[in-house]
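Engineer: coords please:
(chains A and B)
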Amino acid sequence: MRTALYNWLLARGSGGTFVLRIEDTDRERSTPENIEQILDALRWLELDWDEGPFSQWERRERHAEAIESMGDHVYEDDGAIRFRVPDEGDIAVRDVIRGEVRFPLSALNDFVIRRSDGSPLYNLAVAVDDLDMGITHVVRGDDHLSNTPRQALMLQAMGAEPPVYAHLPLLHGPDGKKLSKRHGAASVQELRAAGYLPEAVVNYLALLGWGYDESTTFFTAGELVERFALERVSKNPAVFDEQKLRWMNGRYLRELPADDLRARLEALLGREVPPAAVEISQEKMQTLTDFWDLSKFLVEPQGFDEKAWRKVMRDGAPERLRAARVALETAEPFDAEGVEAALRGVVESLDVKPGEVFQPVRVAISGTTVSPGIFESVAVLGREETIARIDTALRKADTG
RNA sequence: GGGGGCGUGGUCUAGCGGCCUAGGACACCGGCCUUUCACGCCGGGGAUCGCGGGUUCGAAUCCCGUCGCCCCUACCA
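Structural biologist: Presented below is the predicted three-dimensional model:
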């Protein structure tokens, strides 16, 4: 995140407490709304931080004072204030990821730090903030590296030591373009809505541009705090790979206790979900939103998917379905084991392949060819509902 | 144009002069498991480490050059 959270966070890591400025990526001034969005995202990710005061763009007196303190490093130009960059020499920026980066001053023009209308420009605002808030670390996107000498120059002119910088490699989308709020990054919100778990997102993000050793892939938040080091962050931009995130999310999902998973599903879907449905879907979903696709048929009848119907309901399938119906009418007990015994009995007596009985039943109750385990699904649906849906399917088979 | 940054399989990475005939993960392909789809397990293809020189007994790792991509060069952030 970058520009302008314009506030600081207290981050606690193994290295102790340091004051960090986090900037978000869009090149627009932060509004209270998008600051709130960012904070909301940080809360969702369950990062450990304390919010500091926000920067005040409208601190005209303070900015005037700062400009004053820069003496003849600044001058007026047609109402605006410019910073005077020496013609010779160079300035070094200390960056924990890139090392020491030197910029020849001859390449820098005198730059405007305050507009003629009195408003501060970004470079001035952050330099003053860094000084006033005692910022020790600035962690932001690589696209700001070239801006750093200007900020360091101002800090120097104000008689202050520049903070430690860490310029993170930028993230790109699969399209190769920079990932921005509208693509994936605002994404923290979008990722949440798409059914990703915060712990999986944190784990995946940590691995984008960083690796601990040659084989470790999974990290708890605690391990990350302990092991993550800005010094080890890679220097080159990374492509955000949602497939890998999906995979990782699935791994985290399957580790979740069933009631925890259900609570998260209910929070996301905004409705109650049957514990049994969660249990039988857990091993098949990769994201929370997959659950609904997988299990909505357990909550209410779904229409038949035409493709699935044509693929399964042919070559005597209705007859096998009828046989299954009969067996299920008397299956006892009506749980996964009982249902399995009944349906396997049908398979045996008809002398067909298991799938030839199971698939028609699956389509009958779920409308599709993809669902959780068939015995569990039938058991969760209950005898009455299962029979009713089979009857519906049989009627369709007769008429269609 | 000037300045800065970056360059390991399709993707994310490990690697910091010999343990690299370049390791792991996602994706892909094949097999096993199997009631579908997944999961899981096993196996496979795929990288002359952007390119060219140099240093060295030895380089992905050090140096130089070169090419490509990105950033800054705004009274944007």
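Engineer: For the rest of this, base every contact and every neighbour count on C-alpha atoms.
Structural biologist: Noted.
Engineer: can you give me the helices in the stretch 301-400 of chain A?
Structural biologist: With DSSP state H, counting those that start in this stretch as the criterion, the stretch 301-400 of chain A has helices at A:306-312, A:317-330, A:336-350, A:354-366, A:374-381, A:383-399.
Engineer: tell me the mean pLDDT for the fifth one?
Structural biologist: Confidence over helix A:374-381 (mean pLDDT, whole number) is 95.
Engineer: just stretch A:110-129 next, same as before
Structural biologist: Rounded mean pLDDT across stretch A:110-129 is 93.
Engineer: mind listing the strands in chain A by residue range?
Structural biologist: Ranges of strands in chain A, per DSSP state E, are A:7-13, A:16-22, A:49-54, A:74-77, A:80-83, A:90-95, A:99-104, A:111-114, A:137-141, A:164-168, A:171-172, A:238-239.
Engineer: which residues are in contact with the fifth one?
Structural biologist: Yep, that's strand A:80-83 we're talking about. Strand A:80-83 has contacts (C-alpha atoms under 8 Å, 6 or more residues apart in numbering) with A:73-76, A:110-118, A:154.
Engineer: C-alpha coordinates for it, CSV please?
Structural biologist: Presented in CSV, the C-alpha positions along strand A:80-83 are these (Å, rounded to 0.1, in the frame of the first residue of the first chain):
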residue,chain,number,x,y,z
ALA,A,80,5.0,29.0,-6.0
ILE,A,81,7.9,27.8,-3.8
ARG,A,82,10.7,25.7,-5.4
PHE,A,83,13.4,23.7,-3.7
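Engineer: Any regions of the stretch 101-250 of chain A where pLDDT drops low?
Structural biologist: Counting by pLDDT under 70, the low-confidence segments of the stretch 101-250 of chain A come to A:174-187.
Engineer: nearest spatial neighbour of the residue of it found nearest RNA strand B, skipping sequence neighbours?
Structural biologist: Proximity of the stretch 101-250 of chain A to RNA strand B (C-alpha to the nearest atom of the strand) peaks at residue A:209, 2.7 Å away. Using C-alpha to C-alpha, 6 or more residues apart in numbering and skipping residues adjacent in sequence, the residue nearest residue A:209 is residue A:234, 5.1 Å away.
Engineer: List phi and psi for the one you found.
Structural biologist: phi -70, psi 160 (degrees, to the nearest 10).
Engineer: Counting neighbours, what do you get for it?
Structural biologist: By other C-alpha atoms under 10 Å, 16 other residues sit near residue A:234.
Engineer: That one: what's it in contact with?
Structural biologist: A:97, A:169, A:209, A:210 are the contacts of residue A:234 under C-alpha under 8 Å, 6+ apart.
Engineer: now residue A:369
Structural biologist: Residue A:369 neighbours (C-alpha under 8 Å, 6+ apart): A:308, A:359, A:362, A:363.
Engineer: same check, this time on residue A:224
Structural biologist: Here residue A:224 is in contact with residue A:206 (C-alpha under 8 Å, 6+ apart).
Engineer: Dump the helices of the stretch 301-400 of chain A into TSV; add mean neighbour count and distance to RNA strand B as well.
Structural biologist: Converted to TSV, the helices of the stretch 301-400 of chain A look like this (neighbours: other C-alpha atoms under 10 Å; distance: least, C-alpha to the nearest atom of the strand, whole Å):
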stretch	mean neighbour count	distance to RNA strand B
helix A:306-312	15	9
helix A:317-330	19	13
helix A:336-350	18	8
helix A:354-366	24	4
helix A:374-381	22	4
helix A:383-399	16	15
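Engineer: Out of those, which is closest to residue A:278?
Structural biologist: Across the helices of the stretch 301-400 of chain A, residue A:278 has its closest neighbour in helix A:374-381 (10.6 Å, C-alpha to C-alpha).
Engineer: got the angle for that closest one vs helix A:354-366?
Structural biologist: Helix A:374-381 and helix A:354-366 are oriented at 30 degrees to each other (axes from the mean of the first three to the mean of the last three C-alpha atoms, to 10 degrees).
Engineer: Centre of the chain to helix A:374-381, how far?
Structural biologist: Its chain's C-alpha centre and that of helix A:374-381 lie 33 Å apart, by C-alpha atoms, centre = their mean, to the nearest Å.
Engineer: Which residues does it contact?
Structural biologist: By C-alpha under 8 Å, 6+ apart, helix A:374-381 touches A:276-277, A:280, A:298, A:334-337, A:339-340, A:358, A:361-362, A:365, A:371, A:386.
Engineer: Can you tell me which of these comes closest to residue A:267?
Structural biologist: Nearest member of these to residue A:267, counting by C-alpha to C-alpha, is residue A:277, at 15.6 Å.
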